[in-house]
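> I'll drop the sequence and a predicted model, then ask my questions.
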Amino acid sequence: MNNGKPYAPYRFKEIVKERWYISKSINTSYNDLGKITPREKDYILEFIIEENKRTEDYIKKQKEAAANRK
């Protein structure tokens, strides 16, 4: 890293966080996620983020529609 700190501990923490987030989001075992490839992990994270965005957009539209009915 540019700030003089080792990169490995930082990246390890990021990988653990990603695996935790995927496990929480798709109700799968954290340990099972250790068996997927880095590419699969990246795709799954991408899909989760896309789904969360669609859900947020839907909720926002529903709130706006409800406010307009009042």
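Perfect, thanks for sending it. Numbers count the residues shown, from 1 in each chain.

> quick one: Arg54 and Lys60, what's the gap?
According to CB to CB, to the nearest Å, Arg54 and Lys60 sit 11 Å apart. Where C-beta positions appear, they are placed from N, C-alpha and C, glycine not excepted.

> host element of Lys13?
helix 7-26 (DSSP states H and E).

> got the buried residues for that helix?
Glu18, Arg19, Ile22 (16 or more other CB atoms under 10 Å).

> any idea how far that helix is from the chain center?
10 Å (CA atoms, centre = their mean, to the nearest Å).

> by contact count, what packs against it?
helix 38-69 (3 or more CB pairs under 8 Å, 6 or more residues apart in numbering; DSSP states H and E).

> Distance from the chain centre to the helix it packs on, please.
11 Å.

> Equivalent analysis for stretch 12-27, please.
Counting by CA atoms, centre = their mean, stretch 12-27 comes out at 7 Å from the chain centroid.

> Return that stretch as PDB; C-alpha atoms alone will do.
Extracted C-alpha coordinates of stretch 12-27, given in PDB (Å, rounded to 0.1, in the frame of the first residue of the first chain):
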ATOM      1  CA  PHE A  12      -7.300 -10.600   3.900                       C
ATOM      2  CA  LYS A  13      -9.700  -8.500   6.000                       C
ATOM      3  CA  GLU A  14     -11.500  -7.400   2.700                       C
ATOM      4  CA  ILE A  15     -11.800 -11.000   1.600                       C
ATOM      5  CA  VAL A  16     -13.200 -12.100   5.000                       C
ATOM      6  CA  LYS A  17     -15.700  -9.200   4.800                       C
ATOM      7  CA  GLU A  18     -16.700 -10.100   1.200                       C
ATOM      8  CA  ARG A  19     -17.300 -13.800   2.200                       C
ATOM      9  CA  TRP A  20     -19.300 -12.700   5.300                       C
ATOM     10  CA  TYR A  21     -21.400 -10.400   3.200                       C
ATOM     11  CA  ILE A  22     -22.100 -13.100   0.600                       C
ATOM     12  CA  SER A  23     -22.800 -15.700   3.300                       C
ATOM     13  CA  LYS A  24     -25.300 -13.300   5.000                       C
ATOM     14  CA  SER A  25     -26.900 -12.300   1.700                       C
ATOM     15  CA  ILE A  26     -27.500 -15.700   0.200                       C
ATOM     16  CA  ASN A  27     -27.800 -17.800   3.300                       C
END
